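Undergrad: Okay, sequence plus prediction incoming.
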Number of protein chains: 2
Amino acid sequence: LPIATRLTERLGIAHPVLLAPMGGVAGGRLAAAVSNAGGLGLIGGGYGDRSWLEAELRAAGNARIGCGFITWSLNERPELLDLVLDHKPAAIFLSFDDPARYARRVADAGALLICQVQSRRDAQAALDCGAGMLVAQGGEAGGHSGQRATMPLVPEIADLLAARAPDTLLCAAGGIADGRGLAAALVLGADGVVIGSRFWASEEALVPPGLQSAAMTASGDATLKTRSTDIVRHRYWPERFQIRVLRNAFTDRWHGREDALQQALDTEAPSFQAAMAAGDATHASPIVGEAVGLLRSVEPAAAILERIVAEAEGLLTSAARHVQPA
Amino acid sequence: LPIATRLTERLGIAHPVLLAPMGGVAGGRLAAAVSNAGGLGLIGGGYGDRSWLEAELRAAGNARIGCGFITWSLNERPELLDLVLDHKPAAIFLSFDDPARYARRVADAGALLICQVQSRRDAQAALDCGAGMLVAQGGEAGGHSGQRATMPLVPEIADLLAARAPDTLLCAAGGIADGRGLAAALVLGADGVVIGSRFWASEEALVPPGLQSAAMTASGDATLKTRSTDIVRHRYWPERFQIRVLRNAFTDRWHGREDALQQALDTEAPSFQAAMAAGDATHASPIVGEAVGLLRSVEPAAAILERIVAEAEGLLTSAARHVQPA
């Protein structure tokens, strides 16, 4: 039996699960696999490489997908939004800056505007510009996020929506990698979930196998939020958004020594790039969240999605077992 | 109908809800109120003030309660454990250091050993010494906590227990203030929850009303983890445990300027103490977690507990509504 929520109804999809638009990782093949399995796949527009984006939009074939952008990066190349809108995406997913200037164009193209928010304050800004869906993202997520945590952020945003915009959908993101997380998110008041790390560890993800392997044995204890991984990649993020990665020799050496890293970029940047290309997880960074502690194998995205939904279905169906006659 | 789990069965209580043993805040009256309403109240032993502890044990009257300690602080005054064990507590709750040296005495006294853990690594240490219950505490909690977040930590610890110690109970702590959080925690694999901030805002809590009032209108956005609040109180915590408080004029001035604060303690410490005594929330720190964004009123502990359980019961009973024929 499927899990039906306002999200599945509004988007016309079978399962209330969205692929996190992980920049450079969620390409057309992964997005299409998630959509074809009944969720909604989102290509990760990342830092706005036009030719990469064109190739991945093609790779998605005829699948009904969406696309995500890093909003402050899109601000530097806003024409990329038109490139994507020309492909008639189901949704545009914006995160990490004020989405206001893009809202009209997304609406006019008939796409759902999804705004990922890291605080109640962000949520208010997203509502001000008419977002059709908010994603409440906790800092346990992989990649970039803010300061709040999923467990208390989701119900706080749900309360805000109930009071101010009851028709706006809500998804939970951060720390969700299995059916327990999906079922818990629905109980907290979300209409669905956005899943990153679990799909990062899929066969279709654009991740070197060496990085995926390193993550399969890690506890969530082994991740950290850092600026070092952005500095070595010449990515200039606003300070409130730090990246969560798997701890390794690189972060052991440079986390907390960002000024020294800045001075060493001539050698560190090329060696980081080389390690990334080679899938060397001791020097390149597997970009995963705390939910890495729930991952044990790399599988096809469809198998991952089906297991998440089946597990959540079982938990939701049997939740009433906790309530018993005295 | 009550919510019945392994926790309610093992402890012989009506509701799977424990009062967080907030140091100096969870006194005998609050602990007794929670126990008398069907949960388990725990006095917060804090930094080990013997006369305070004796008075609060008396204030609990005949209620069946437990007591919590800051383990690294207890190490300096281990005789306080005997003081509490003489009162035949239902449970001893240890957090923030290796509990091994106390396990035998707690077991011999017939009390349940509850170990609060902030990581998978902590959980393994707690299992090594035979804890009967683990509390997986996320960093969104008020007061002191570690780096992990509740949403991914709870299922990771649940998996560890399933593999290594299936009879050991598990509670979730951090970010849980209402029935949504309780129901979500059970779905994530916990047997119950530990609730702090919501009971901090109870009539029985030993908190100046001015601090409680300040918290009633705050979003979870308005909390931060800091060292400043410990420094001004002369509390020397291990670096991995920072305190989460409500942001105010004091933290705006001193957070991130801890060295300067250290130099200014002669004037800052007495003025902080005076503000605390006066309930002046702009200079003293309301010690609450991100779940402060879910609080709207100060009420009797029994009313708080009843509403949490009733809301969770409704959510668990109706969770199957999400699963529908296609």
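TA: Here it is on my side, so go on. Computed from a prediction, not measured in an experiment: that's the story for all the values here. Residues are numbered from 1 along each chain as shown, chains lettered A, B, ... in the order given.
Undergrad: What count of nearby residues applies to the nearest residue to A:D128 once chain neighbours are set aside?
TA: Distances taken as C-beta to C-beta, 6 or more residues apart in numbering or on different chains put A:A100 closest to A:D128, at 7.0 Å, once the chain neighbours are dropped. All C-beta atoms are positioned from the backbone trio N, CA, C, and that covers glycine. Other residues near A:A100 come to 16 when the count uses other C-beta atoms under 10 Å in any protein chain shown.
Undergrad: got the contact list for A:A100?
TA: A:125, A:128-129 (C-beta atoms under 8 Å, 6 or more residues apart in numbering or on different chains).
Undergrad: So which of those are in helices?
TA: Where the contacts of A:A100 overlap with helices, as defined by DSSP state H, the overlap consists of A:125, A:128.
Undergrad: Mind checking which of the contacts of A:A100 are buried?
TA: Of all the contacts of A:A100 considered here, the ones buried according to neighbour count by 16 or more other C-beta atoms under 10 Å in any protein chain shown are A:125, A:129.
Undergrad: want to throw the contacts of A:A100 into CSV with distance to A:Q242 and pLDDT?
TA: What follows is these, written out as CSV (distance: C-beta to C-beta, whole Å; pLDDT from 0 to 100):
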residue, distance to A:Q242, pLDDT
A:A125, 20, 97
A:D128, 26, 97
A:C129, 25, 96
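Undergrad: ok, the contacts of A:A100 vs A:L315, which is closest?
TA: Here the nearest of those to A:L315, counting by C-beta to C-beta, is A:A125; it sits at 33.8 Å.
Undergrad: which residue sits closest to that closest one, ignoring its sequence neighbours?
TA: Distances taken as C-beta to C-beta, 6+ apart place A:D98 nearest to A:A125, at 5.7 Å, with adjacent residues excluded.
Undergrad: Kindly report the same for A:L160.
TA: With C-beta to C-beta, 6+ apart as the measure, A:A123 is the residue that lies nearest to A:L160, at 5.7 Å, once sequence neighbours are left out.
Undergrad: Would you mark the buried spots in the longest helix belonging to chain A?
TA: When every helix of chain A is counted residue by residue (DSSP H), the longest turns out to be helix A:301-318. By neighbour count, with 16+ other C-beta under 10 Å as the criterion, the buried positions of helix A:301-318 are A:301-302, A:304-305, A:308-309, A:311-313, A:315-317.
Undergrad: contacting residues around A:G139?
TA: A:118, A:145-149, A:174, A:225, A:244, B:149.
Undergrad: quick one on the thing from earlier: tell me, how many neighbours does the residue nearest to A:A125 end up with?
TA: Under the neighbour criterion other C-beta under 10 Å, A:D98 is assigned a count of 17.
Undergrad: For A:A131, see how far away it is.
TA: A:D98 is 11 Å from A:A131, where distance means C-beta to C-beta, to the nearest Å.
Undergrad: quick one on the thing from earlier: just say helix, strand or coil for the residue nearest to A:L160.
TA: Three-state assignment for A:A123 (DSSP: H, G, I helix; E, B strand; the rest coil): helix.
Undergrad: That one and A:M133 touch, don't they?
TA: No: in this structure, A:A123 is not within contact of A:M133 by C-beta atoms under 8 Å, at 11.3 Å.
Undergrad: So between these two, which is more surrounded?
TA: A:A123 (27 against 24).
Undergrad: Quick check: pLDDT value at A:A326.
TA: Here the pLDDT value assigned to A:A326 is 56.
Undergrad: got it, and A:A63?
TA: In the prediction, the pLDDT value recorded for A:A63 is 98.
Undergrad: can you map out the helices along the stretch 51-200 of chain A?
TA: Counting by DSSP state H, counting those that start in this stretch, the stretch 51-200 of chain A has these helices, from start to end: A:71-74, A:79-85, A:100-108, A:120-128, A:150-164, A:179-188, A:197-200.
Undergrad: Identify the residue nearest A:W72 in space, chain neighbours excluded?
TA: A:D97 (4.2 Å).
Undergrad: What does that neighbour show for phi and psi?
TA: When quoted as degrees, to the nearest 10, the phi and psi of A:D97 stand at phi 170, psi 170.
Undergrad: which residues in the stretch 1-150 of chain A form strands?
TA: In chain order, the stretch 1-150 of chain A shows strands spanning A:17-19, A:42-44, A:66-70, A:91-95, A:112-117, A:133-137, A:143-145, with DSSP state E, counting those that start in this stretch as the criterion.
Undergrad: cool, and the stretch 151-300 of chain A?
TA: Assigned strands in the stretch 151-300 of chain A, in chain order: A:169-173, A:192-195, A:223-226, A:242-246 (criterion: DSSP E, counting those that start in this stretch).
Undergrad: Name the stretch among those that sits most buried.
TA: strand A:192-195 (a mean of 30; mean count of other C-beta atoms under 10 Å in any protein chain shown).
Undergrad: and that one, average pLDDT?
TA: Per-region confidence: strand A:192-195 scores 98 on mean pLDDT.
Undergrad: Can it be said to contact chain B?
TA: No: against chain B, strand A:192-195 shows no contacts by C-beta under 8 Å from any C-beta of the partner chain, the least distance being 10.3 Å.
Undergrad: residues in contact with that strand?
TA: Counting by C-beta under 8 Å, 6+ apart, strand A:192-195 makes contact with A:5, A:7-8, A:16-20, A:116, A:135, A:137, A:169, A:171-173, A:176-177, A:181-182, A:185-186, A:308, all of which sit outside it.
Undergrad: out of these, which touch chain B?
TA: Near chain B, by the rule C-beta under 8 Å from any C-beta, you find A:5, A:176-177, A:181, A:185-186 out of these.
Undergrad: of those, buried ones?
TA: So, of those, A:5, A:176-177, A:181, A:185-186 end up buried under the neighbour-count rule (16+ other C-beta under 10 Å).
Undergrad: Export these to CSV and append columns for pLDDT.
TA: As requested, these are arranged in CSV below (pLDDT from 0 to 100):
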residue, pLDDT
A:T5, 97
A:I176, 98
A:A177, 98
A:G181, 98
A:A185, 98
A:L186, 98
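Undergrad: Mind telling me the two of the residues you listed farthest from one another?
TA: For these, the maximum inter-member distance is 19.0 Å, found between A:T5 and A:A177 (C-beta to C-beta).
Undergrad: And the residue nearest to A:L261 when sequence neighbours are not counted, how far from chain B?
TA: With C-beta to C-beta, 6+ apart as the measure, A:W254 is the residue that lies nearest to A:L261, at 4.5 Å, once sequence neighbours are left out. Distance check for A:W254 against chain B: by C-beta to the nearest C-beta, to the nearest Å, it reads 18 Å.
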